[in-house]
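K.L.:
sequence and predicted structure are below.
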Amino acid sequence: MISEQLVDLSRLQFAATALYHFLFVPLTLGMVWLLVIMESVYVMTGKVIYKDMTRFWGKLFGINFALGVTTGITLEFQFGTNWAYYSHYVGDVFGAPLAIEGLMAFFLESTFIGLFFFGWDRLSRQQHLMVTLLMAIGTNLSALWILIANGWMQNPVGAEFNDATMRMELTDFWAVLFNMDGQAKFVHTVSAGYVTGAMFVLSVSSWYLLKGRDIEFAKRSFRIAAAFGLASVCSVIVLGDESGYTVGEAQQTKLAALEAMWETEPAPASFNLIAWPNEAEQKNDFAIQIPWVMGLIGTRSVTKQIPGIKDIKEKNRERIHSGLRAAIALDKIRQDATDADARAIFNQHKKDLGFGLLLRKYTADLTTVTPEQIDRAVNDTIPKVTPMFWSFRAMVGIGFLMLALFVLAAYSTLSGRKRHPRWLLKWALWSLPLPWLACELGWVIAEYGRQPWTIYGVLPTHLSVSRLSVESLYGSLAGFIGFYTVLLVVEIYLMIKFARLGPGSLGTGRYDADQHAAAHA
Amino acid sequence: MLPTDRRLLHEITAAVVLKLIALAVLWLLFVRGNQVEVDQGSVAAAIHGSAEPPQSSRE
């Protein structure tokens, strides 16, 4: 049997690289639309300050893009090394959206990003705006295909296990494409990216306003960021609710763990605003509840029940028994493909095959499974409640904090006052890390909450990993973390350097740094 | 092109080149030698614990 240390290290390596990669991605996703907005205003009004805004924020966007691009490649390395069995088992399905992402979206955004930076003097205003728009579409298409692949991991529709080839095979591409989990994750994730872009521009503009420099430039940037951020943060909240609803449909275990719902309550269930989950005794030691809210959010009705963890476990126990029969029958089919009895049993239970495979963590021989091993596999079907519960509340709390900030920023900018209050500018400045924190927490909720599966209900995580040496995993983990840390340090250095230079770095002679330079000349 | 832009271009180019070199080194050190050969039989053994089927049943 595979060692738990190997599984944990492989998971840690993937999590660390994905979390680092996702520090770069949301800023790219969000800032590119801000560039489209700023340049559209320039094309419509002809006011050159909006061109300067597009060029200056575009420069910071370019730094992030240059350092962020290819940081996802280490994840692809790991599919071939650490997750070779996973790649073989589901590669036919999972590989398709990743390949389309590379061929369609990545080339689109890479081509137009070059034109964006070097086409200012070669293209007409309208043509350049079209380039910026296509760059934005390419960037967001990239996210679409990645999240379609991830959505399939969360809810594996449109595919079937083929016992002859021992892999999952695509049966319905459109089901994978329009999988509700993938679509809900896409709109929620890109909206979170838009908030990140808006917060970045809002924070840096606030810093200029606090310093009293480049006032007109900063006020216009602040205004666009506040309006775009407000729309985006509202989208994140509404679409996050939709994402939660689809989770409730496809992954009851995740929803129950998120809400620390141990028992099935009469509909509509109450919402645990704050609770101290006690995993050993399967109860909450303390809870502040709001009646009805969970039922309304989770089911969109007042009559449908949301199953609690204990009931889900009992259902999963039945599925493990059923899956065990499928796994034993599959082994017989592998020995003798003409065994009609085994084939009949397999066909009857194959939808639960993945649950039977959970037992392979505890025994190599599925014909000698003990009740104690089944109990352990049943417990494994629920992700750890405490980290899920608190990660979710922290993410939602940050979301509402940002909503309050963007509401006040939009109000301040629309009220026509000459100066924004300093406390608001300071709040905006110090809120800069918040969207990244929320994005990373969202990733933890989605992926940690999918455990113990890599493909929900189909392939357990512990069976997906390659049998590498622990030493090589420690080595590659250190190498990857070192690589990303250097990139992050360079990114922060360049961002701070060019943010401090401000729009004066454009050399137009219209901004503070230019005027200071002229005065000193 | 302004001096600051030229400097940024140099810095970004250097960062991207160094990044690609670092990725190549990581690949050489940790990936190339660790690629795992998988086929139907090894997946069956690793995931399902199934023994390799007899030759006749494969055909």
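P.N.:
Arrived safely. None of the values given here were measured: they were computed from a predicted structure.

K.L.:
average pLDDT for stretch A:432-439?
P.N.:
Stretch A:432-439 carries an average pLDDT of 97.

K.L.:
which residues sit in contact with A:Asp52?
P.N.:
A:Asp52 makes contacts with A:217, A:503, A:506, A:508, A:510-511, as judged by CB atoms under 8 Å, 6 or more residues apart in numbering or on different chains. Every residue, glycine included, has its C-beta placed from N, CA and C.

K.L.:
any stretches of chain B with poor pLDDT?
P.N.:
B:50-59 (pLDDT under 70).

K.L.:
setting aside sequence neighbours, what's the nearest residue to the residue nearest the centre of it?
P.N.:
The centroid of chain B falls nearest to B:Val31 when counting by CA atoms, centre = their mean (5.5 Å). Nearest residue to B:Val31, sequence neighbours excluded (CB to CB, 6 or more residues apart in numbering or on different chains): A:Phe77, at 4.8 Å.

K.L.:
wait, that neighbour sits on B:Leu28?
P.N.:
No. Judged on CB atoms under 8 Å, A:Phe77 makes no contact with B:Leu28 at a distance of 11.3 Å.

K.L.:
between the two, who's got more neighbours?
P.N.:
Neighbour count, other CB atoms under 10 Å in any protein chain shown: between A:Phe77 and B:Leu28, A:Phe77 has more, with 21 against 10.

K.L.:
can you tell me which residues contact the more buried one?
P.N.:
B:26-27, B:30-31.

K.L.:
how much space separates it from A:Ala280?
P.N.:
39 Å (CB to CB, to the nearest Å).

K.L.:
residues touching the residue nearest to A:Ser505 when sequence neighbours are not counted, list them.
P.N.:
Nearest non-adjacent residue to A:Ser505, counting by CB to CB, 6+ apart: B:Thr4, 4.8 Å away. Taking CB under 8 Å, 6+ apart, we find B:Thr4 in contact with A:501, A:505, A:507.

K.L.:
if we can go back for a sec, need the pLDDT of the residue nearest to B:Val31.
P.N.:
At A:Phe77, pLDDT is 84.

K.L.:
A:Ile63 should be in a helix, yeah?
P.N.:
Yes. Counting by DSSP: H, G, I helix; E, B strand; the rest coil, A:Ile63 falls inside a helix.

K.L.:
the residue nearest to it when sequence neighbours are not counted: neighbouring residues, count only.
P.N.:
Closest residue in space to A:Ile63, ignoring its immediate chain neighbours: A:Leu494 at 4.8 Å, by CB to CB, 6+ apart. A:Leu494 has 21 neighbours, counted by other CB under 10 Å.

K.L.:
just A:Ala394 next, same as before
P.N.:
15.

K.L.:
same thing with A:Gly248?
P.N.:
Neighbour tally, A:Gly248, other CB under 10 Å: 22.

K.L.:
mind checking how far it is from chain B?
P.N.:
29 Å (CB to the nearest CB, to the nearest Å).

K.L.:
mind checking which helix or strand that residue is in?
P.N.:
Taking DSSP states H and E as the criterion, A:Gly248 maps to helix A:215-250.

K.L.:
can you name the element that comes right after that helix?
P.N.:
By DSSP H and E, the next helix or strand past helix A:215-250 is helix A:252-258.

K.L.:
how far is that next one from where the chain is centred?
P.N.:
18 Å (CA atoms, centre = their mean, to the nearest Å).

K.L.:
can you name the next helix or strand after that helix?
P.N.:
strand A:271-278.

K.L.:
so which elements touch that following strand?
P.N.:
strand A:283-290, helix A:293-299, helix A:385-414 (3 or more CB pairs under 8 Å, 6 or more residues apart in numbering or on different chains; DSSP states H and E).

K.L.:
6 Å instead, please
P.N.:
strand A:283-290, helix A:385-414 (3 or more CB pairs under 6 Å, 6 or more residues apart in numbering or on different chains; DSSP states H and E).

K.L.:
quick one, which of those is packed in tightest?
P.N.:
Most buried of the helices and strands packed on strand A:271-278, by mean neighbour count (mean count of other CB atoms under 10 Å in any protein chain shown): helix A:385-414, with a mean of 18.

K.L.:
nearest spatial neighbour of A:Ala499, skipping sequence neighbours?
P.N.:
A:Val204 (5.1 Å).
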